[in-house]
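1. Next input, structure requested:
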Amino acid sequence: MLWSCLIWLGGLSVGSTWSQETQGVMATGDEAVYGANGSAVVPLTDEIQYGILMFTQGGGLTLRRGFYRNAFKISWWGADLLIFKHPKEERITNPVYEDGRSYVYGKVNAMHLFRVWKGGQKLHGEKLRKDAVRLSSLWRYGVTLGLLKPVYMEIGYPDIPYDYIATERYDPTVHYSSNIFGQAQWMYGLDELAVVPGFHASYALDFEYGTERHIQRTLTAGVAVDAFLSPPEIFAASFEQNSRAFVTLFATFELGSNWTR
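-> Residues are numbered from 1 along each chain as shown. All right, here's what the predicted structure looks like:
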């Protein structure tokens, strides 16, 4: 009789526990793998983002490709192509010929930055709702190439008033404000590019606020350093001292997507 009572009580306990689980008190195996709508919640493996990058000395385009290491870390490869503006640049025009293009007096080369980098991202706060923001920290390091394109000017001859205008590579030792009609079109000098190699490093906070799991909208803000092996010659030495390193603040707006292979 005693053993019969114990067996009956054990069966009642198991039945009660099974009943509570089926009523939602404890998650089933399926519920741990599938969401409330029945779709599988599979860990992400890949991500890509592209957008615009603005910084305190110019702006341009950015692209990055990511690989999830785990739920909290992403490894990145990326590239930036940027227009660089020297902090001492000030555009002027010919006071007599107002139809001339503006130019920077003393600037002998225009510089663009091409960066190739790798980096990492660490998640600090996941989105708990669709309208929330995911917070991460992002660091990058890699190679910076300073692409120097000679500046060409439209030069008036012989003196004001000009008889004719010629397009010439700017030489501050022979070209003065009195005979510069304006800056020539941007395409001049593309076949004379010079490359100055350097190093890039940056750190930023990444705010991802996409409302869908596989479609992203991201804002990033941080600080960057670009240091070159030799000072890029942007201004002629008689006008401004060219620096070897530049520290800038930057922000990006990117669109992207992630997926599972």
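2. buried ones in stretch 119-139?
-> 119-121, 123, 134, 136, 138-139 (16 or more other C-beta atoms under 10 Å). Heads up, the C-betas are built off the backbone N, CA and C, glycines and all.
3. actually stretch 184-199, not the one I typed
-> 184, 188-189, 196, 198-199.
4. export those residues to CSV and tack on pLDDT?
-> Formatted as CSV, these follow (pLDDT from 0 to 100):
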residue, pLDDT
184, 97
188, 97
189, 96
196, 98
198, 98
199, 98
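5. what would the residues you listed look like in JSON lines with distance to residue 57 and secondary structure?
-> What follows is the buried residues of stretch 184-199, written out as JSON lines (distance: C-beta to C-beta, whole Å; DSSP: H, G, I helix; E, B strand; the rest coil):
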{"residue": "184", "distance to residue 57": "23", "secondary structure": "coil"}
{"residue": "188", "distance to residue 57": "23", "secondary structure": "coil"}
{"residue": "189", "distance to residue 57": "20", "secondary structure": "coil"}
{"residue": "196", "distance to residue 57": "16", "secondary structure": "strand"}
{"residue": "198", "distance to residue 57": "14", "secondary structure": "strand"}
{"residue": "199", "distance to residue 57": "17", "secondary structure": "strand"}
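6. Any stretches of this structure with poor pLDDT?
-> 1-42, 127-131, 210 (pLDDT under 70).
7. what ranges do the helices span in it?
-> 2-22, 29-33 (DSSP state H).
8. Nearest spatial neighbour of residue 112, chain-adjacent residues omitted?
-> Ranked by C-beta to C-beta, 6 or more residues apart in numbering and with sequence neighbours excluded, the top spatial neighbour of residue 112 is residue 147, at 4.4 Å.
9. Could you do residue 142 as well?
-> residue 117 (3.0 Å).
10. Can you report how many residues lie near the one you found?
-> 20 (other C-beta atoms under 10 Å).
11. how close does it sit to residue 191?
-> Using C-beta to C-beta, to the nearest Å, we find residue 117 at a distance of 28 Å from residue 191.
12. check contacts around the most centrally placed residue in the chain.
-> By C-alpha atoms, centre = their mean, the chain has its centre lying nearest to residue 62, at 4.4 Å. By C-beta atoms under 8 Å, 6 or more residues apart in numbering, the contact set of residue 62 is 50-53, 78-80, 252, 254.
13. okay, the residues you listed in CSV with neighbour count next?
-> Below are those laid out as CSV (neighbours: other C-beta atoms under 10 Å):
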residue, neighbour count
50, 14
51, 17
52, 12
53, 21
78, 19
79, 14
80, 24
252, 24
254, 20
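14. Just send those residues back as JSON lines, with distance to residue 236 too.
-> Formatted as JSON lines, the contacts of residue 62 follow (distance: C-beta to C-beta, whole Å):
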{"residue": "50", "distance to residue 236": "37"}
{"residue": "51", "distance to residue 236": "35"}
{"residue": "52", "distance to residue 236": "32"}
{"residue": "53", "distance to residue 236": "29"}
{"residue": "78", "distance to residue 236": "34"}
{"residue": "79", "distance to residue 236": "31"}
{"residue": "80", "distance to residue 236": "28"}
{"residue": "252", "distance to residue 236": "33"}
{"residue": "254", "distance to residue 236": "37"}
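15. distance of residue 123 from residue 80?
-> 23 Å.
16. Pull the residues that contact stretch 204-215.
-> By C-beta under 8 Å, 6+ apart, stretch 204-215 touches 121, 127, 130-139, 216-223, 250, 256-259.
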